[in-house]
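Trainee: A predicted structure for the sequence below; I have some questions about it.
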Amino acid sequence: MSEATSVEVITRDVINQQALHSMQVMEQWGNGEVYNEATWIERGRQAVVKTLEGMFELGKALIVLKEHTEHGRFVELVEQEFGIHKREVQRLINATKRFATPQMQKAQPKLITLGKSKLLELLVEDDDTLVELAEGGDINGNTLDDVDRMTIKELRLALREAREDSKAKDKVMSEKNAKIDELAEKLAKNKNKQPKPADVARELSAQLASAEVSARSEISKLKDIFDGFVAHKEAHGSDHTALMVGAINQLILDCEILRGQYLLPTEAPMGEVPVWLTQDEPMEADNMDMPLPFDYSEDDV
């Protein structure tokens with residue numbers, strides 16, 4: 001027997017063994033059907049959905065039992081009847097309550113395809129974040145498909161990083177607001193005195209800085225929404241360019257209206273330092289009659 005013939009015989013034997021094994025598996029577990037990968041992936045997905053739906057039905061039963069049973073007996077009852085530890089019971093109850101709202105019920109069909117473990121991990125996020133994720137958005141750059149491909153450990157790490165990023169942004173915003181509040185407090189302590197032009201200018205500058213930080217913070221949220229639109233387009237073919245461009249154009253138009261209203265140049269003047277930035281002492285006598293930016297009544301002085 002030639003070498004080529006031997007290889008063909010071995011290959012045929014392997015194929016026959018694989019076919020026989022497949023027949024045996026399908027006879028025992030697949031109702032005698034011929035194996036088809038796509039078919040069994042879809043059945044697996046449907047089973048995941050039914051499992052999650054069963055989880056919420058169990059959660060409803062636990063809520064009803066808990067509301068009608070003394071605490072000690074309730075814990076004992078669920079452990080004996082359902083074999084569930086009290087910590088798991090609380091997680092199931094919390095998950096069921098979270099998905100009882102109309103907002104979360106809308107997101108439920110997409111989220112339950114992730115499976116029970118990932119779904120319970122995601123419940124640390126707020127409802128708006130989960131709804132956005134289900135509708136094509138992301139959590140810290142991770143879409144629903146990304147979460148589906150993650151292991152539980154990877155998902156837990158991604159959620160922790162998202163919380164840390166959020167805390168860091170909140171800290172920066174808090175520190176900026178604290179400085180502005182400190183200035184406002186100092187000015188409030190001097191409300192019984194005639195405010196200096198420099199103090200008024202500083203207060204207005206602080207208000208502008210606060211408004212600018214808030215506006216830029218809100219604008220930065222557009223990125224997450226735009227990422228969601230892009231993901232939705234890639235997944236479903238819908239084009240959201242008009243909405244995205246319209247939002248940006250409206251923001252630009254609002255800013256240009258402000259620029260025109262106050263005749264502001266496109267470039268900030270260079271080399272000009274306002275007097276109030278360098279002068280804390282009372283202004284010279286020939287400048288004392290300069291009007292203040294605000295009118296102050298005698299009651300305010």
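Mentor: Sure, I can see it. Residues are numbered from 1 along each chain as shown.
Trainee: which ones are touching the nearest residue to Val124 once chain neighbours are set aside?
Mentor: Once flanking residues are discounted, Val124 sits nearest to Leu159: 6.1 Å by C-beta to C-beta, 6 or more residues apart in numbering. Backbone N, C-alpha and C define where each C-beta goes, glycine included. Applying C-beta atoms under 8 Å, 6 or more residues apart in numbering, one finds that Leu159 lies in contact with 121-122, 124-125, 139-140.
Trainee: For ChimeraX, what selects the buried ones among these?
Mentor: Restricted to buried positions by 16 or more other C-beta atoms under 10 Å, the ChimeraX selection for the contacts of Leu159 reads:
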select :121,122,125,139,140
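Trainee: tell me which strands and helices the helix or strand harbouring Glu27 is in contact with?
Mentor: Using DSSP states H and E, Glu27 falls within helix 3-29. Here helix 3-29 touches no other helix or strand, going by 3 or more C-beta pairs under 8 Å, 6 or more residues apart in numbering; DSSP states H and E.
Trainee: Give the next helix or strand downstream of it.
Mentor: Using DSSP H and E, the first helix or strand after helix 3-29 is helix 37-68.
Trainee: what's the model's confidence in that next one, averaged?
Mentor: What helix 37-68 shows for mean pLDDT is 80.
Trainee: re the thing from before, okay, angle between the helix holding Glu27 and helix 37-68 too, please.
Mentor: Taking axes from the mean of the first three to the mean of the last three C-alpha atoms, to 10 degrees, one finds that helix 3-29 is oriented at 30 degrees with respect to helix 37-68.
Trainee: tell me which element the residue nearest in space to the middle of the chain is part of?
Mentor: The centroid of the chain falls nearest to Thr129 when counting by C-alpha atoms, centre = their mean (3.9 Å). For Thr129, the element it lies in under DSSP H and E is helix 127-134.
Trainee: ok, back up a step: can you give the distance of the helix holding Glu27 from its chain's centre?
Mentor: Relative to its parent chain, helix 3-29 has a centroid offset of 50 Å by C-alpha atoms, centre = their mean, to the nearest Å.
Trainee: And the pLDDT at Gln194?
Mentor: Looking at Gln194, its pLDDT reads 63.
Trainee: Show me where this structure has its helices.
Mentor: 3-29, 37-68, 71-82, 86-98, 102-111, 116-122, 127-134, 144-149, 152-189, 197-236, 241-261, 275-278 (DSSP state H).
Trainee: I'd like those written out as CSV, with distance to Ala268 added.
Mentor: Formatted as CSV, the helices of the chain follow (distance: least, C-beta to C-beta, whole Å):
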stretch, distance to Ala268
helix 3-29, 73
helix 37-68, 56
helix 71-82, 65
helix 86-98, 49
helix 102-111, 44
helix 116-122, 45
helix 127-134, 37
helix 144-149, 42
helix 152-189, 21
helix 197-236, 13
helix 241-261, 12
helix 275-278, 14
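Trainee: re earlier: may I see the buried residues of the helix holding Thr129?
Mentor: 129-134.
Trainee: which other helices and strands contact that helix?
Mentor: Applying 3+ C-beta pairs under 8 Å, 6+ apart, we find helix 127-134 packed against helix 102-111, helix 144-149.
Trainee: what's the least confident stretch among those?
Mentor: Note on the helices and strands packed on helix 127-134: lowest mean pLDDT is at helix 102-111, with a mean of 82.
Trainee: tell me which residues in that helix are buried?
Mentor: 104, 107-108, 111.
Trainee: ditto for stretch 226-239
Mentor: For stretch 226-239, burial by neighbour count (16+ other C-beta under 10 Å) applies to 226, 228-232.
Trainee: And Asp181, what's its pLDDT?
Mentor: At Asp181, the model reports a pLDDT of 69.
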